[in-house]
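Trainee: requesting a structural model of the entry that follows:
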Amino acid sequence: MTLPRQRGLTEQAADAAIDTACRMLRLPSIRNEFADIADRAVKDQMTYRGFLAELLMAECDDRARRRSERRIKAAGFPREKSLRTFDFDANPSIDPATIHTLASCEWIKKGQPLCLIGDSGTGKSHMLIALGTEAAMKGYRVRYTLATKLVNELVEAADEKQLNKTIARYGRVDLLCIDELGYMELDRHGAELLFQVLTEREEKNSVAIASNESFGKAHMFRRTRASRCRNITGSSCGSPGTRHRRCPG
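Mentor: Predicted coordinates for the structure are as follows:
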């Protein structure tokens with residue numbers, strides 16, 4: 001289908017032609033906003049190039065927003081949390097400057113891990129979700145899960161001979177957020193399956209973990225080999241947790 005090109009279109013005909021063209025070219029933002037932008041262009045005496053730039057930037061901005069929304073939805077966060085709503089006054093042990101540095105996501109770019117360690121009610125989950133949301137908004141693929149839920153999924157996958165496929169799926173995301181690690185004791189099999197996911201991501205993609213106990217005391221590590229635990233958690237780790245602990249080496 002081609003649109004007829006005519007000179008001297010009426011305003012109504014021009015609007016109809018723009019609407020049809022935007023539908024064909026899949027430019028919904030321009031279709032929705034071109035009238036307002038055109039009116040503003042007349043008022044501000046924009047050049048043709050300026051008007052075109054405004055139209056294209058509106059489409060690009062809206063597409064970026066929709067991509068961010070899709071990535072945040074795909075991450076599977078249980079609720080919305082942001083750094084803006086975090087109460088630093090109620091958590092004086094947390095350094096706002098460190099958190100805002102982490103929000104730049106350079107550690108994700110470098111494939112580094114992050115550990116948030118502190119008592120219940122100190123904002124670990126809020127911080128984990130907020131930093132994960134920041135990462136999704138910056139274009140990273142993020143996945144959030146509870147530690148027990150992840151282990152249960154891995155156990156089921158192993159029973160169904162789908163373990164490698166499941167581990168590979170968790171290995172592909174740029175940032176894996178594991179919440180509530182250490183809240184419940186894992187058996188040896190569950191802990192070993194979890195280690196396989198962490199090993200798959202080691203030095204390649206980032207893992208952010210929220211735990212109420214240090215890795216040396218976490219229930220899930222009681223029956224696992226300490227040397228293997230160090231291999232997983234001993235890499236370079238920026239840790240702004242409620243106690244500002246770094247991963248043990």
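Trainee: and the protein, what are its domains?
Mentor: 11-67, 83-233 (automatic domain parsing).
Trainee: now the helices for the protein?
Mentor: With helices called from DSSP state H, the chain shows them at 11-25, 28-44, 48-75, 96-102, 106-109, 124-137, 147-159, 163-172, 188-201, 226-233.
Trainee: quick one: the longest one to helix 11-25, angle?
Mentor: Right, helix 48-75. 40 degrees (axes from the mean of the first three to the mean of the last three Cα atoms, to 10 degrees).
Trainee: how near is residue 155 to residue 28?
Mentor: Using Cβ to Cβ, to the nearest Å, one gets 44 Å for the distance from residue 155 to residue 28. Just so you know, the C-beta spots here come from the backbone N, C-alpha and C atoms, and that holds for glycine as well.
Trainee: tell me which residue is most central in the protein.
Mentor: With distances taken as Cα atoms, centre = their mean, the residue of the chain nearest its centroid is residue 136 (3.1 Å).
Trainee: nearest residue to that one in space, please, no chain neighbours.
Mentor: Leaving out its chain neighbours, the residue that sits closest to residue 136 by Cβ to Cβ, 6 or more residues apart in numbering is residue 71, at 4.0 Å.
Trainee: likewise residue 129?
Mentor: Closest residue to residue 129 apart from its sequence neighbours, by Cβ to Cβ, 6+ apart: residue 81 at 4.0 Å.
Trainee: check contacts around the one you found.
Mentor: 125-127, 129-130, 133 (Cβ atoms under 8 Å, 6 or more residues apart in numbering).
Trainee: tell me the contacts of residue 136?
Mentor: Residue 136 neighbours (Cβ under 8 Å, 6+ apart): 68, 71-72, 75, 142.
Trainee: which of those has the most neighbours?
Mentor: Taking other Cβ atoms under 10 Å as the neighbour criterion, residue 142 ranks highest of the contacts of residue 136 with 27 neighbours.
Trainee: could you give the bridge partners of it?
Mentor: Counting by DSSP bridges, residue 142 forms beta bridges with residue 175.
Trainee: who touches it in this structure?
Mentor: 71-72, 74-75, 132-133, 135-136, 173-177.
Trainee: kindly export stretch 62-80 (C-alpha atoms) in CSV.
Mentor: Taking C-alpha atoms only, stretch 62-80 is exported to CSV below (Å, rounded to 0.1, in the frame of the first residue of the first chain):
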residue,chain,number,x,y,z
ASP,A,62,8.7,6.8,24.4
ARG,A,63,10.3,3.6,23.0
ALA,A,64,13.0,3.8,25.6
ARG,A,65,10.3,4.1,28.3
ARG,A,66,8.4,1.2,27.1
ARG,A,67,11.5,-1.0,26.8
SER,A,68,12.3,-0.1,30.5
GLU,A,69,8.8,-1.0,31.5
ARG,A,70,9.1,-4.4,29.8
ARG,A,71,12.5,-5.1,31.4
ILE,A,72,11.1,-4.2,34.8
LYS,A,73,8.1,-6.4,34.3
ALA,A,74,10.2,-9.3,33.0
ALA,A,75,12.5,-9.1,36.1
GLY,A,76,9.6,-10.4,38.3
PHE,A,77,9.9,-7.9,41.1
PRO,A,78,7.2,-8.6,43.8
ARG,A,79,6.5,-4.9,44.3
GLU,A,80,7.7,-1.5,43.2
